[in-house]
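Output the structure for:
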Amino acid sequence: MSVIHAGPDLASIAIDNIIMSLRGRLLEKSRVSIALSGGRNARSILRALSQASIEWNRVDIYQVDERVVPLGDPARNPTKLAKELLDLVPATMYAMPVDEPDMEAAADRYASLLPMAVDVVHLGLGKDGHTASLVPDDPVLSIADRPVAVTRPYKGRHRMTLTFPALDRARSIVWIVDGADKAPMVERLLAADQTIPAGRVCQKRATLITNSVITGETP
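Model prediction:
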């Protein structure tokens, strides 16, 4: 995994990296795909994306994960996506269908909409080592044959999430990790610590953009 120390310019550096990856793929094919995460930095990332110069009409946007809550609930990521990005650019959005009665069938249907390999996946990192909605001790961590699954409750909500197989097939992964409180987990991520979910994601085509201080490296 390559590491970029971003300092206060985390969002702009991250967006430059994402857009460069998308532009490279657009030179090779007619449409490109990106899967976006939520999290505490989602708003600034989406705002920066909306200002980027790219052929958005050739971009398909997917979700990395989503809480199982009703449509319109402020906890739903598309609420932020629409306001900060989709209302401003002509991209095509594929929202996770978390308001359907049969969640397992909904996960399978979303899987059928995904490309074989998403071009760019944006991931965050939790203080407990989770990424996407792949959280410690959840049975979803052991799934090896499905790209989308539904978790058991985490912080009071079931989640729909991309699984390790979907993440590991991605053409590129951009980790965006903000804050000194994430430094211990950043260390474990870089060490590919298999005891945390994030450490189990393939690092071959990954870039970490962070303002956390990493031991032994100069920010």
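
what about Asp181, neighbour count?
9 (other C-beta atoms under 10 Å). The way it works is simple: take the backbone N, C-alpha and C, and place the C-beta from them, glycine included.

contacting residues around it?
Lys127 (C-beta atoms under 8 Å, 6 or more residues apart in numbering).

can you give me phi and psi for it?
phi -70, psi -10 (degrees, to the nearest 10).

What are the buried residues along the lowest-mean-pLDDT helix or strand in the chain?
Least confident helix or strand of the chain, by mean pLDDT, DSSP states H and E, is helix 77-81 with a mean of 79. For helix 77-81, burial by neighbour count (16 or more other C-beta atoms under 10 Å) applies to Asn77, Pro78, Lys80, Leu81.

Tell me the backbone dihedrals of the nearest residue to Arg31 once chain neighbours are set aside, please.
Excluding the flanking residues, the one nearest Arg31 by C-beta to C-beta, 6 or more residues apart in numbering is Arg58, at 5.2 Å. Dihedral pair for Arg58: phi -110, psi 10, per degrees, to the nearest 10.

thinking again about what came up before, now the two most distant members of the buried residues of helix 77-81.
Pro78 and Lys80 (7.4 Å; C-beta to C-beta).

starting at the chain centroid, how far to the least confident helix or strand of the chain?
Relative to the centre of its chain, helix 77-81 is centred 14 Å away, using C-alpha atoms, centre = their mean, to the nearest Å.

then that helix to PDB, C-alphas only?
In PDB, the C-alpha atoms belonging to helix 77-81 read as follows (Å, rounded to 0.1, in the frame of the first residue of the first chain):
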ATOM      1  CA  ASN A  77     -26.000   8.100   3.000                       C
ATOM      2  CA  PRO A  78     -27.900   9.100  -0.200                       C
ATOM      3  CA  THR A  79     -29.400  12.000   1.700                       C
ATOM      4  CA  LYS A  80     -25.900  13.500   1.900                       C
ATOM      5  CA  LEU A  81     -25.000  12.200  -1.500                       C
END
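
what packs against it?
helix 42-50, strand 59-63, strand 65-67 (3 or more C-beta pairs under 8 Å, 6 or more residues apart in numbering; DSSP states H and E).

Give me the contacts around that helix.
With C-beta under 8 Å, 6+ apart, helix 77-81 has contacts from 36, 38, 42-43, 46, 61, 63, 66-67, 72-73, 86, 93, 95.

Name the next helix or strand downstream of the longest helix anywhere in the chain, please.
Assignment by DSSP state H gives helix 10-26 as the longest helix of the chain. Heading C-terminal from helix 10-26, the first helix or strand you meet, by DSSP states H and E, is strand 32-36.
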